[in-house]
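J.: Quick one: sequence and predicted model below, then my questions.
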Amino acid sequence: MTQTFDIKRAAVIGAGTMGRGIVMSLANAGIQVLWLDNNPQMLEQAMGVVADTNAHNVKLGRITPEDSAACLACVTPVGDYAALADADLVIEAVYENLELKQQIFRTLDDTVKPGAILASNTSALDIDAIANVTKRPEDVLGLHFFSPAHIMKLLEIVRGDKTSKAVLDAAVALGKRIGKVSVVAGNCDGFIGNRMLATYVREARMLLLEGAYPHQVDAALQGFGFAMGPFRMYDVVGIDLEWRARELAGKGQDDPAVQVDNRLCELGRFGQKARMGYYRYAEGSRQAEHDPEVDALVLQVSEQLGFKRRDIGQEEILERCLLALVNEGAKILEENIAANSHDVDLVYLNGYGFPKEKEGPMSWADSQGVDDILARLQTLQTHFGNHWQPANLIEQLATSGKRFSDVKEGSL
C-alpha cells in the first residue's frame, strides 16, 4: 500500500528571516505550526514580527482582522525538540552550515514520530549528506523557500537519493496548498536556481574586472527585462551573505571574481540595509543611486589584479550573462536535475526576476535557435576559454534539429 501524508501539524526550526516567512506561509494556509528556536528571546521577537506583518496587511486591506487572528492562532512557540514529537512535517530553517543541520536532523530522527516528513530549507547544501545522518532518509527532502518566504512564489522541492515518491508527492501537494509554484529539483550544489545563478553572477563580476561598471551591467540586464540587475540584487539581499559564507567555509575568498565584493564588505558596504553597497541609498529610501566611489574601487581592484580594462558594451554584457544561464540550464537538463526545460523556466520566472515576456531562459534560447546558441557559445569559448564549452545537450539538440522544449525526463 502506498503511504499517504496528511499534514495537519507542521513545525519550523529557526526564527530568523527565513523561519518567519515559512511560518507565515504555513499559518496563512491554516496549518498549525509549532515554532522552535534555541534563543527564546529571538523567538519572542519573531512572533512580534508576524503579528506586526499581519496588522500591516489588515491596515492595507489585504486581509481581514478575522484572517489575521486565525493566522496567529495557528502559531505556537515551543521550548524544546520534545514538543515537536507529533508533527507531521518539520522544516529546518537555520543558517547554511552543514554540521549544524546534520546535528538538528540527528535530534529530529530521535524525537519526531515515525512517518513524519523531515525537510531542510537549504539553498545549496547536499540533501543526501543531511538525510544520511538519519535512520529514515526516505522521509527527508529539501524545501528551498525564497526570501521573503511568505511573499515569493517559488518553492524548490529537492529530492534526495532515497526520498520516497510519497514524500515528494506530499511536498508538491503542500506547495499547492500554501500557494507556491513548486518545482522538483535533483540534489546538486545550488539545485536549479542557485546553480545557474552562480554562472550568471560570475560573468557579471568578471565583466567588472575587464572594463564594465556595476550600473552598466545592471542597466543592460534591466533593459532586457530583468526585475533588477545582479549588483542591485546583491544590494537587496546583502553583499555580506556570500562573503560571510566564504569566510565560514574557509574557501573562495581568493577568487579574483569576488574581490570587489570583498572590498565593499571590508568597508561595511553590505548593501541596501547599510544604505550603501554597489549603490548608495538615501535614509528611508530603496532608490539605488549611482556612486562614483564604487566605480573608483572597481577600477582599483581590476588594475591591482592585472586586468587590462577595455570598453564593454551592452551586447557583450547580455551575451555573456544570458548564455551562462542557458549553458548551465542545459547541463542541469542533461543530468536530470530538472525534469524538463519548462521547470527550469518556472524557477527563473518565479524566483529570479527573469522577464515574463521572454518566458524563461530556456524558452528564450529556443526562440534564438539552438544551433545559433551553439555557435555563440563556441565563439565565447574561443575568446574567453574552456569554461564556455557548450553542454553536450546543446550539441545533441543542434545536430538533431530539436529544441530544449523537446527534452523530457529520462529522454536523453
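T.: Received, thanks.
J.: Would you state the strands of the stretch 101-250 of the chain in chain order?
T.: With DSSP state E, counting those that start in this stretch, the ranges of strands along the stretch 101-250 of the chain come out as 117-120, 140-145, 154-159, 181-185.
J.: Could you dump those strands into a markdown table and include mean pLDDT and mean neighbour count?
T.: For every residue, glycine as well, the C-beta is placed using N, CA and C. Shown next, in a markdown table, are the strands of the stretch 101-250 of the chain (pLDDT from 0 to 100; neighbours: other CB atoms under 10 Å):
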| stretch | mean pLDDT | mean neighbour count |
| --- | --- | --- |
| strand 117-120 | 98 | 27 |
| strand 140-145 | 97 | 26 |
| strand 154-159 | 97 | 26 |
| strand 181-185 | 97 | 22 |
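J.: Can you add distance to Gly329 and give the ones you listed back as CSV?
T.: Listed next are the strands of the stretch 101-250 of the chain as CSV, based on distance: least, CB to CB, whole Å:
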stretch, distance to Gly329
strand 117-120, 24
strand 140-145, 17
strand 154-159, 14
strand 181-185, 12
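J.: Out of the ones you listed, which is closest to Ala324?
T.: Nearest of the strands of the stretch 101-250 of the chain to Ala324, taken as CB to CB: strand 181-185 at 18.9 Å.
J.: Show me what the closest one is packed against.
T.: Packing contacts for strand 181-185, counted by 3 or more CB pairs under 8 Å, 6 or more residues apart in numbering; DSSP states H and E, involve strand 154-159, helix 165-177, helix 341-351.
J.: Go ahead and measure how far stretch 389-398 is from the middle of the chain.
T.: Using CA atoms, centre = their mean, to the nearest Å, the distance from the centre of stretch 389-398 to the centre of the chain it belongs to is 26 Å.
J.: could I have it exported to PDB, CA atoms only?
T.: C-alpha atoms of stretch 389-398 as PDB (Å, rounded to 0.1, in the frame of the first residue of the first chain):
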ATOM      1  CA  GLN A 389      32.500  24.800 -23.700                       C
ATOM      2  CA  PRO A 390      28.900  24.100 -24.800                       C
ATOM      3  CA  ALA A 391      27.000  21.500 -22.800                       C
ATOM      4  CA  ASN A 392      26.800  18.200 -24.700                       C
ATOM      5  CA  LEU A 393      23.000  18.500 -24.800                       C
ATOM      6  CA  ILE A 394      23.300  21.700 -26.800                       C
ATOM      7  CA  GLU A 395      25.400  19.900 -29.400                       C
ATOM      8  CA  GLN A 396      23.000  17.000 -29.500                       C
ATOM      9  CA  LEU A 397      19.900  19.200 -30.000                       C
ATOM     10  CA  ALA A 398      21.600  21.300 -32.700                       C
END
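J.: Ala398: helix or strand, and which one exactly?
T.: Element membership of Ala398, judged by DSSP states H and E, is helix 392-400.
J.: Buried residues, that helix. List them.
T.: By neighbour count, with 16 or more other CB atoms under 10 Å as the criterion, the buried positions of helix 392-400 are Leu393, Ile394, Glu395, Leu397, Ala398.
J.: Relative to Glu359, which of the residues you listed is nearest.
T.: Leu397 (17.7 Å).
J.: so what's the closest one up against?
T.: Taking CB atoms under 8 Å, 6 or more residues apart in numbering as the definition of contact, the neighbours of Leu397 are Val370, Arg403, Phe404, Asp406, Val407.
J.: what's the neighbour count on the closest residue to Gln32 other than its chain neighbours?
T.: Computed as CB to CB, 6 or more residues apart in numbering, the closest residue to Gln32 that is not its neighbour in sequence is Arg9, at 4.6 Å. As a burial measure, the neighbour count of Arg9 was computed by other CB atoms under 10 Å and equals 19.
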